[in-house]
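J.: just to be clear, the model below is a prediction. Sequence and coordinates:
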Amino acid sequence: MFDLKLVRDNPEFVRAGIRKKHRDPALVDAALDIDRRRRELLQDVERYRADQNRASGEIARLQGPEKADRIAQMREVAARLKALEPMLKEVDAELTRALLEFPNLPHESVPPGNDERENVPLRYWGEPPQFQFQPLDHLDLGTRLDIIDVERAAKVSGARFYYLRGAGVLLEQALMRLGMDMLVAEGFTPVITPFAVRPEIIIGAWGGADLDVQQVYQLEGERLALIGTSEQSLAGMYSDETLDEHRLPLRLAGISWNFRREAGSYGRDVRGLYRVHQFDKLEMFSITAPETSWDEHEYLVSLEERILQRLGLPYRVVAICGGDTSAPSAKTYDLETWMPGREAYGETQSCSNCTDFQARRLGIRVRRSGGTVYPHTLNGTAIATSRALIAVLENYQQGDGTVRVPEALVPYMNGLRVIGVGRRL
RNA sequence: GGUGGGGUGCGAGAGUGGCCGAUUCGGCGCGCCUGGAGAGCGCGUAGGCGGGUAACACCGCCUCGUGGGUUCAAAUCCCACCCCCACCGCCA
């Protein structure tokens, strides 16, 4: 949960950070007000409890009428406590809720702005391909090659679902395998996580006081929700645990299907695989000492870049502006890959330093010689298959409607070098 | 889904209404001892919150799976839930 002491000691600093994220700085004043009320009540309650504790020892030693008198006396104290304690509990809950609403504060290097158009491109790699023919988008390509089928998926599941088949499946698994091999070589531990988790885990990882029902699928009749990313289940993995410092940095490579309701995005990106309810993803997740998280952030981005470079996909790295940065993140880079079908760069990866935001909310701590501290957590997309498929299909298409397999994926494609029509798979 | 057993500190494990935030053992840290190590001996080893302080110190409150209840007083009694283990049923 957000650091109350920081709010008390430096409210203006917190307000400024919240403003930069284009959230409401009144959060600070609400929290401070509740905090004041809480401390008043707390002092009363604690006085009575101290009374009680003292009396409890005495009563144990007293006998006869003296004992009866003391008990009668303490009955009154107990009654008073019984009236006060529910009030304290209520204020505690209010304060918790208020602090859960706080977003993480942005790092000073985060560019100002509130719109994705204000994100700042930092560097470009590769050249968008020049086609001597009219390029198709991934949906046309995939449909003609019979490797993507959204029409039947719509029949079965509705909009934003898809069937992958044949070489499409090999391609998605090849992307995952390439990414995993690179991460294992870097020392990451592969993890397959639960796909359904308790709501508080998602709330802990993604922010807010309540589950974001616009985005999260809940399981009816269960206290479970489907993960939107393995970042959530990985962050939850060490919740309420105190880790030994020498285990850091802890680097995990999570594999999971990711489920997103996309309830707020009707009409946006409706075509093809760009915005779908379910996709397979290889996710990097790091837990680091507070002092090293910014280095780790750059390291994770460099791995994301290396993956795109191995795939030969043109991309750019973008610094996300304050207002476009998610609640848990102190700083986010997006990697946008060239997508000929959109004639634009489209987000394929993201990389965030959540500093101690998730650690505080999930109770992940680190033991070190001076005491225990909250570690920092970071996450980054290695491969999000649906969007990676878009980029590969569209960039590697050929004039005859076939798609060349990127060199780096060939070893994972059962020898397939070109995805064409009529291949029996 | 059913029946039974169980969740205590870094780990094991005691404690069944009051001087129990918690015996003991192990681990870990420090010290003594040693040429050095081991053994042995001694000491110390949770977190959160509030008050207080320049910062310490210090004082108080809370935490024995979670949340309620009974009681002057709960690790201990009652209720609900969560989780783990065993067996039965079902099943990839």
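T.: Perfect, I can see it now. It should be emphasised that the depicted structure is a prediction, and the values quoted were computed from it without experimental measurement. Residues are numbered from 1 along each chain as shown, chains lettered A, B, ... in the order given.

J.: what's the average pLDDT for stretch A:204-219?
T.: When pLDDT is averaged along stretch A:204-219, the result is 92.

J.: what about the residue nearest to A:Val91 when sequence neighbours are not counted, how many residues nearby?
T.: Nearest residue to A:Val91, sequence neighbours excluded (CB to CB, 6 or more residues apart in numbering): A:Arg38, at 4.5 Å. C-beta coordinates here come from the backbone N, C-alpha and C atoms, glycine included. Neighbour count for A:Arg38, taken as other CB atoms under 10 Å: 18.

J.: how far away is A:Arg38 from A:Gly64?
T.: A:Arg38 is 42 Å from A:Gly64, where distance means CB to CB, to the nearest Å.

J.: try A:Lys331
T.: Taken as CB to CB, the span from A:Lys331 to A:Gly64 is 70 Å.

J.: same check on A:Leu88?
T.: Distance from A:Leu88 to A:Gly64, by CB to CB: 36 Å.

J.: ok, A:Arg54 next?
T.: Counting by CB to CB, the gap from A:Arg54 to A:Gly64 is 20 Å.

J.: between the two, which is the more surrounded one?
T.: The neighbour count for A:Arg54 versus A:Gly64, taken as other CB under 10 Å, is higher for A:Arg54 (11 against 7).

J.: who's in contact with the more buried one?
T.: If you count contacts by CB atoms under 8 Å, 6 or more residues apart in numbering, A:Arg54 has none.

J.: and it, which of the three is it?
T.: Taking DSSP: H, G, I helix; E, B strand; the rest coil as the rule, one finds A:Arg54 in the helix state.

J.: pop the domain breakdown of chain A in here.
T.: What automatic domain parsing lists as the domains of chain A is A:4-100, A:116-419.

J.: all strands in the stretch 301-425 of chain A, in order from the N-terminus.
T.: Using DSSP state E, counting those that start in this stretch, the strands of the stretch 301-425 of chain A run over A:315-319, A:331-339, A:344-353, A:364-368, A:371-373, A:376-384, A:403-404, A:418-419.

J.: once you drop chain neighbours, what's closest to A:Ile192?
T.: Per CB to CB, 6+ apart, closest to A:Ile192 is A:Ile255, 5.1 Å.

J.: partners of the one helix or strand that neighbour maps to in the sheet?
T.: Element membership for A:Ile255 (DSSP states H and E) is strand A:250-259. Paired strands of strand A:250-259, with direction, are strand A:189-192 (parallel), strand A:278-288 (antiparallel) (DSSP bridges).

J.: in the longest one, what counts as buried?
T.: By that I understand strand A:278-288. By 16 or more other CB atoms under 10 Å, the buried positions in strand A:278-288 come out as A:Gln278, A:Phe279, A:Asp280, A:Lys281, A:Leu282, A:Glu283, A:Met284, A:Phe285, A:Ser286, A:Ile287, A:Thr288.

J.: now it - C-alpha only, CSV.
T.: Output of strand A:278-288 as CSV, limited to C-alpha atoms (Å, rounded to 0.1, in the frame of the first residue of the first chain):
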residue,chain,number,x,y,z
GLN,A,278,-6.8,-13.9,-25.1
PHE,A,279,-3.2,-14.2,-26.0
ASP,A,280,-0.1,-16.1,-25.1
LYS,A,281,2.8,-14.2,-23.6
LEU,A,282,6.3,-14.7,-22.4
GLU,A,283,6.9,-12.1,-19.6
MET,A,284,10.0,-11.0,-17.8
PHE,A,285,9.6,-10.2,-14.1
SER,A,286,12.4,-9.0,-11.8
ILE,A,287,12.6,-8.4,-8.1
THR,A,288,15.6,-6.2,-7.3
